[in-house]
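K.L.:
I'll drop the sequence and a predicted model, then ask my questions.
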Amino acid sequence: MQTIGLIGGMSFESSAVYYRLANEMVRERLGGLASAELVMHSVNFEEIVAMQKAGDWNAAAARLGDVALRLQAAGASCILICTNTMHLIADQVASRLSVPLIHIIDETAKSLKAAGRKRPLLLATRYTMEHGFYADRMKSLGVDVRVPDADDRTIIHDIIFNELCAGKVLDSSQAKLMEIIERERANGADSIILGCTEICLILDPNRLPLPGFDTTAIHAKAAVDFSIGEVRSEKTEAA
């Protein structure tokens, strides 16, 4: 089993979900008391948020790049940035590594295409919805991402940062998100990307009016696939 490296803390609410999912998936596949080989570096999210607000993405890339190198030095065989938004600087981080960075957008696009979905609605932070990095990368992979209008983007962003990142899950906010989904379904969306790793705390992808794609679960699964690939091959050879 290869070691997974997690860059967490953005926020720690979703990082805890990554940790739980990775371990549950390994146990489910390997049985017994099997658990994931992983190392996590949790950053101070307040510092990262300040960089986001200032638009200082180069500083954020430098910070997360340093963290990624520490994880690599600690024995990680792959790196995950446990947040959609910070994939804005994922290529800068990856360029400093000698191990692969498992990209959340690429893995989500694979899942969408496998399900035959081409027009997903993206629910995410304002940075993810409004910067071109997410939609552009998806488009290059054959997926036409839809984003809500400006007012709805503000609602979603505020729910994420003011509530979900603070551990607050409100029924009233869930209702607002469902209203946005219904509007965009009428506009032609054929699926939903839960494109912030906190969104899964308030929306169940299996209880939406359109097929839901939980990027946290998709990303964690890709890491586990990578990690236990060697275990699978060893078992096959032994058999």
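P.N.:
Yep, it's here. All values derive from a computational prediction rather than experimental measurement. Residues are numbered from 1 along each chain as shown.

K.L.:
tell me the domain boundaries of the protein?
P.N.:
Described in terms of automatic domain parsing, the domain architecture of the chain consists of the residue ranges 4-103+217-238, 105-214.

K.L.:
got those as JSON lines, with mean neighbour count columns?
P.N.:
Placement of C-beta: from N, CA and C, glycine included. Supplementary listing: the domains of the chain in JSON lines, determined by neighbours: other CB atoms under 10 Å:
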{"stretch": "domain 4-103+217-238", "mean neighbour count": "18"}
{"stretch": "domain 105-214", "mean neighbour count": "18"}
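
K.L.:
can I get those domains in TSV with mean pLDDT?
P.N.:
Formatted as TSV, the entries for the domains of the chain read as follows, by pLDDT from 0 to 100:
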stretch	mean pLDDT
domain 4-103+217-238	93
domain 105-214	95
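
K.L.:
give me phi/psi at residue 79?
P.N.:
Note on residue 79: backbone dihedrals following degrees, to the nearest 10 are phi -120, psi 140.

K.L.:
ok, it to residue 54 distance?
P.N.:
According to CB to CB, to the nearest Å, residue 79 stands 25 Å off from residue 54.

K.L.:
so residue 21 makes contact with residue 220?
P.N.:
Yes. Judged on CB atoms under 8 Å, residue 21 makes contact with residue 220 at a distance of 4.1 Å.

K.L.:
alpha carbons of whichever strand or helix holds residue 25, in PDB - could you do that?
P.N.:
Using DSSP states H and E, residue 25 sits within helix 12-30. Only the C-alpha atoms of helix 12-30 are listed here, as PDB (Å, rounded to 0.1, in the frame of the first residue of the first chain):
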ATOM      1  CA  PHE A  12     -10.800  21.100   8.800                       C
ATOM      2  CA  GLU A  13     -14.500  20.200   8.500                       C
ATOM      3  CA  SER A  14     -13.900  18.700   5.100                       C
ATOM      4  CA  SER A  15     -10.400  17.400   5.900                       C
ATOM      5  CA  ALA A  16     -12.000  15.200   8.500                       C
ATOM      6  CA  VAL A  17     -14.300  13.800   5.800                       C
ATOM      7  CA  TYR A  18     -11.300  13.000   3.600                       C
ATOM      8  CA  TYR A  19      -9.700  11.100   6.500                       C
ATOM      9  CA  ARG A  20     -12.800   9.100   7.300                       C
ATOM     10  CA  LEU A  21     -13.600   8.200   3.700                       C
ATOM     11  CA  ALA A  22     -10.000   7.100   2.800                       C
ATOM     12  CA  ASN A  23     -10.000   4.800   5.800                       C
ATOM     13  CA  GLU A  24     -13.500   3.400   5.200                       C
ATOM     14  CA  MET A  25     -12.700   2.700   1.500                       C
ATOM     15  CA  VAL A  26      -9.500   0.900   2.300                       C
ATOM     16  CA  ARG A  27     -11.200  -1.200   5.000                       C
ATOM     17  CA  GLU A  28     -14.100  -2.000   2.600                       C
ATOM     18  CA  ARG A  29     -11.700  -3.200  -0.100                       C
ATOM     19  CA  LEU A  30      -9.100  -5.000   1.900                       C
END
